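Engineer: coordinates only, sequence not included:
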């Protein structure tokens, strides 16, 4: 398992600019304290967000594929059911 600390220290960083409400930054700075920087807190939040949202996106894609092929899938299921023996 890769820890956030290992991830944070092992990848190349790219400087970016993000505009956030001042009230949010005050809360982020309070969480960060002197040990962690603001960037570490924001990165941690984004890593968690991406990990949570990526499966949702894949699920939406899969549902779209199923829906686009629903008529064909339903016909195939009906044909399969016709071949099953009755008990």
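Structural biologist: Yes, it's here. None of these values were measured; they are calculated from a predicted model.

Engineer: model confidence for residue 3, exactly?
Structural biologist: On the pLDDT scale, residue 3 is placed at 66.

Engineer: ok, residue 37 to residue 46 distance?
Structural biologist: As judged by Cβ to Cβ, to the nearest Å, residue 37 and residue 46 stand 14 Å apart. To be clear about C-beta, it is placed using only N, CA and C from the backbone, and glycine gets the same treatment.

Engineer: these two - which one has more neighbours?
Structural biologist: It is residue 37, of residue 37 and residue 46, that has more neighbours when counted by other Cβ atoms under 10 Å, with 14 against 11.

Engineer: for the chain, which segments count as helices?
Structural biologist: With DSSP state H, the ranges of helices along the chain come out as 4-10, 22-32, 38-68, 70-83.

Engineer: how about the longest one: buried residues?
Structural biologist: Spelled out, it's helix 38-68. By neighbour count with 16 or more other Cβ atoms under 10 Å, helix 38-68 contains the buried residues 40, 41, 42, 43, 44.

Engineer: now for that helix, which elements pack on it?
Structural biologist: Secondary-structure packing of helix 38-68 (3 or more Cβ pairs under 8 Å, 6 or more residues apart in numbering; DSSP states H and E): helix 4-10, helix 22-32.

Engineer: can you check what angle separates that helix from helix 22-32?
Structural biologist: Angular relation of helix 38-68 and helix 22-32 on a 0 to 180 degree scale: 110 degrees, by axes from the mean of the first three to the mean of the last three Cα atoms, to 10 degrees.
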